[in-house]
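In: Quick one, structure for this:
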Amino acid sequence: MSATNESLCQRILHDLNVIFKRDPQILEFDIIPIEDSVSNKSPVIHVDHRLGLESWCVRHLYQYIYHKFVDLRTANNRIGHDQINEWTRTLLLLNPDLTTVWSARKELIENGFIKVLTELRFSEVLLTRKPKSADNFAHRQWLLKYFMKSETLSDELITNELRVTLDTSSRYHRNYHSWSHRIWIIENLFNNSLDKLNCELMITKCWLESHVSDYSCYQYRQYLFQYIHKHFISITDNNSGVVSNEVKSNYHKLLKQELKLLNDLLVLYTDQESLFIHRRFILVSIDQWFANESTQLKESEKIFIKQQLSLSHSNNTSNQWHFILINRHIKYINCKLNWNLDIT
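Out: As a prediction, this is how the structure comes out:
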């Protein structure tokens, strides 16, 4: 790298470090598509807790810091924590999928140089640019587990973590890593709280209504229904007590509410296959866990299908696809539930 470029990278690195020191409440980061540099003007932009970097300098900066970092790791040279923090922070801003760099930051945390809450905030900034970073979510899980070794997680911190997953899911639709992280939160931080699980169903229902095509959310809700059944219905069944009947009743109500939600959404969004697939899961769940309702469920599904067919009677492409979805749905439930529906 030329002396000019090296001097430029050092100046950019210095500007970034100054901003992080002066503004610990940075909310977002992104690369701004500006291909040509302007003389005597820093490519680092900082406005209202938002941080940006002009794209023309990214390649030079990344190569400069990456080579410095690799040389440090391979030669096992001793260098100050400040320098490692600055290099790794900038590398992750440019590329958050560097596992070795995340490992270096874990070492800084274990050595007490970076606080866990500070690192969680930095990780969230990175997610605003790369909301589907598996390494970032894995790092957040490590941070939370490390924090729990010495302190108790507050409800506020757990709530914030749930908020982060919805934010990343909104930024990148069908974000598998984001919803998987939310499942990890339930399994590790919820302590089998039925109230919190019911709250999750309510929160994600509101989110789903504005993200109807995001099938990852449907899969997450299916996980919630299965989790509740496994950890509460099956267990209380062994006791055959009043609590079991109450939990069963509430669980049955949740499934019926989900079916009603799908009824309403399928009137507005007739061409969304995700809605039909999720509906099949709910139908199978009700039929499997509340077998005494099979006949009533079958009749109500006949009414639903007839309503859907009436909506599909058109020659436009969208409704032709709708008709295909209806027929797929009929074939599936006939095969899975042995209902032998004959809709004419």
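In: what does the average pLDDT come to for the host helix or strand of residue 16?
Out: Residue 16 belongs to helix 3-22 when assigned by DSSP states H and E. Mean pLDDT, helix 3-22: 91.
In: what residue ranges in this structure score low on pLDDT?
Out: 1, 39, 76-77, 235-244, 314-318, 342-344 (pLDDT under 70).
In: which residues in it form strands?
Out: For the chain, the strands defined by DSSP state E occupy 28-32, 44-47, 50-54.
In: Can I get those in a markdown table including distance to residue 226?
Out: Glycine gets a C-beta too; all of them are placed from N, C-alpha and C. Shown next, in a markdown table, are the strands of the chain (distance: least, CB to CB, whole Å):
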| stretch | distance to residue 226 |
| --- | --- |
| strand 28-32 | 35 |
| strand 44-47 | 46 |
| strand 50-54 | 40 |
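In: returning to that earlier point: counting contacts, what elements does the helix holding residue 16 pack onto?
Out: If contacts are counted by 3 or more CB pairs under 8 Å, 6 or more residues apart in numbering; DSSP states H and E, helix 3-22 sits against strand 44-47, strand 50-54, helix 58-75, helix 81-94.
In: wait, which of the ones you listed is closest to residue 126?
Out: Nearest to residue 126, of all the helices and strands packed on helix 3-22, is helix 81-94, at 5.9 Å by CB to CB.
In: Next, the buried residues of the closest one.
Out: Neighbour-count burial for helix 81-94, counted by 16 or more other CB atoms under 10 Å, picks out 84, 85, 86, 87, 88, 89, 90, 91, 92, 93, 94.
In: For residue 117, the count of nearby residues, please.
Out: 11 (other CB atoms under 10 Å).
In: Figure out which of the strands of the chain is closest to residue 225.
Out: strand 28-32 (34.6 Å).
In: list the buried ones in the closest one?
Out: Going by neighbour count (16+ other CB under 10 Å), the buried part of strand 28-32 is residue 29.
In: and that strand, what does it pack onto?
Out: Helices and strands touching strand 28-32, by 3+ CB pairs under 8 Å, 6+ apart, are strand 50-54, helix 116-129.
In: Would you format those as a markdown table with distance to residue 60 included?
Out: Shown next, in a markdown table, are the helices and strands packed on strand 28-32 (distance: least, CB to CB, whole Å):
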| stretch | distance to residue 60 |
| --- | --- |
| strand 50-54 | 11 |
| helix 116-129 | 19 |
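In: Out of the buried residues of helix 81-94, which comes closest to residue 216?
Out: When the buried residues of helix 81-94 are compared for distance to residue 216 (CB to CB), residue 92 wins out at 24.7 Å.
In: biggest helix in this protein, by residue count?
Out: If you go by DSSP state H, the chain has its longest helix at helix 242-268.
In: Give the buried residues for that helix.
Out: For helix 242-268, burial by neighbour count (16+ other CB under 10 Å) applies to 244, 247-248, 251-252, 254-256, 258-259, 261-263, 265-266.
In: Check which helices and strands it sits against.
Out: Contacting helix 242-268 under the criterion 3+ CB pairs under 8 Å, 6+ apart are the following elements: helix 194-209, helix 215-228, helix 234-237, helix 273-289, helix 294-311.
In: What is the burial count for the spatially closest residue to residue 106 that is not a sequence neighbour?
Out: If the residues on either side of it in the chain are set aside, residue 106 comes closest to residue 142, at 6.6 Å by CB to CB, 6 or more residues apart in numbering. Neighbourhood size, residue 142 [other CB under 10 Å]: 16.
In: same deal with residue 64?
Out: Around residue 64 there are 21 other residues, counting by other CB under 10 Å.
In: Going forward, count from 56.
Out: Sure, I'll start counting at 56 from here, so that last one is residue 119.
In: Touching, it and residue 58? I think so.
Out: No: judged on CB atoms under 8 Å, residue 119 makes no contact with residue 58 at a distance of 11.8 Å.
In: Quick one: residues contacting residue 376.
Out: By CB atoms under 8 Å, 6 or more residues apart in numbering, residue 376 lies in contact with residue 326.
In: Repeat the analysis, applying 10 Å as the threshold.
Out: Residues in contact with residue 376 (CB atoms under 10 Å, 6 or more residues apart in numbering) are 325, 326, 328, 367.
In: Kindly report the same for residue 155.
Out: 124, 125, 128, 143, 146.
In: Select, out of the strands of the chain, the one closest to residue 247.
Out: Nearest to residue 247, of the strands of the chain and by CB to CB, is strand 83-87 at 35.3 Å.
In: Which neighbours in the sheet does the closest one have, and how are they oriented?
Out: strand 105-109 (parallel) (DSSP bridges).
In: list the buried ones in the partner strand?
Out: Within strand 105-109, the residues that qualify as buried are 106, 107, 108, 109, counting by 16+ other CB under 10 Å.
In: tell me the domain boundaries of the chain?
Out: 56-150, 156-244 (automatic domain parsing).
In: Arrange those in JSON lines, one row each, with distance to residue 343 as further columns.
Out: Below are the domains of the chain laid out as JSON lines (distance: least, CB to CB, whole Å):
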{"stretch": "domain 56-150", "distance to residue 343": "45"}
{"stretch": "domain 156-244", "distance to residue 343": "22"}
